[in-house]
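**Q** Next one to model:
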Amino acid sequence: MSFESDPGHGHSTAAWTAVTIMLLAFTIGTVAFFLELEWLVWASVALLLVGAAVGWIMAKVGHGVGGSKSASESH
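**A** Residues are numbered from 1 along each chain as shown. Okay, the predicted model is just below:
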């Protein structure tokens, strides 16, 4: 099995940052939903979108998989 065409599966600063922000947003949203804090649920939805945008922007400036600012590691 050759791993030459492995796309990296998100092993980049952009992916880790986006996933961390979105995981935090999902956790806050879940707790807020349980506590019936509607405004905080919607705020967590906004944070989820911010996390996706941050990941996309970071990938565009070179911190994504194969980007100019990402460190290439061999397994």
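**Q** what helix or strand does the residue most central in space within the chain sit in?
**A** Central residue of the chain (C-alpha atoms, centre = their mean): residue 18, 1.8 Å from the mean position. Element membership of residue 18, judged by DSSP states H and E, is helix 13-34.
**Q** in that helix, what's buried?
**A** The neighbour-count check on helix 13-34 (16 or more other C-beta atoms under 10 Å) flags 13-15, 17-18, 21-22, 25, 28-29, 32 as buried. All C-beta atoms are positioned from the backbone trio N, CA, C, and that covers glycine.
**Q** Equivalent analysis for stretch 55-62, please.
**A** Neighbour count says stretch 55-62 has 55, 58-59 buried, by 16+ other C-beta under 10 Å.
**Q** now the chain, which segments are flagged as low pLDDT?
**A** Where the chain drops to pLDDT under 70, the residues are 1-10, 70-75.
**Q** ok so, going back, got the contact list for the helix holding residue 18?
**A** The contact list for helix 13-34, computed with C-beta atoms under 8 Å, 6 or more residues apart in numbering, reads 10, 38, 40-41, 43-45, 47-48, 50-52, 54-56, 58-59, 63-65, 67, 69-70.
**Q** Just the buried ones from those?
**A** For those, buried by 16+ other C-beta under 10 Å: 40-41, 44, 47-48, 51, 54-55, 58-59, 63-65, 67, 70.
**Q** Filter those residues down to the ones in helices?
**A** 40-41, 44, 47-48, 51, 54-55, 58 (DSSP state H).
**Q** was I right about residue 63 contacting residue 54?
**A** No: in this structure, residue 63 is not within contact of residue 54 by C-beta atoms under 8 Å, at 10.2 Å.
**Q** so who does residue 53 touch?
**A** Contacts of residue 53 (C-beta under 8 Å, 6+ apart): none.
**Q** Ok, residue 64 next?
**A** 12, 14-15, 58, 70.
**Q** returning to what we had before: distance between the helix holding residue 18 and the chain's centre?
**A** Offset of helix 13-34 from its chain centre (C-alpha atoms, centre = their mean, to the nearest Å): 8 Å.
**Q** Could you do stretch 56-66 as well?
**A** 11 Å.
**Q** Ends of it, what's the gap?
**A** With C-alpha to C-alpha, to the nearest Å as the measure, stretch 56-66 spans 14 Å from end to end.
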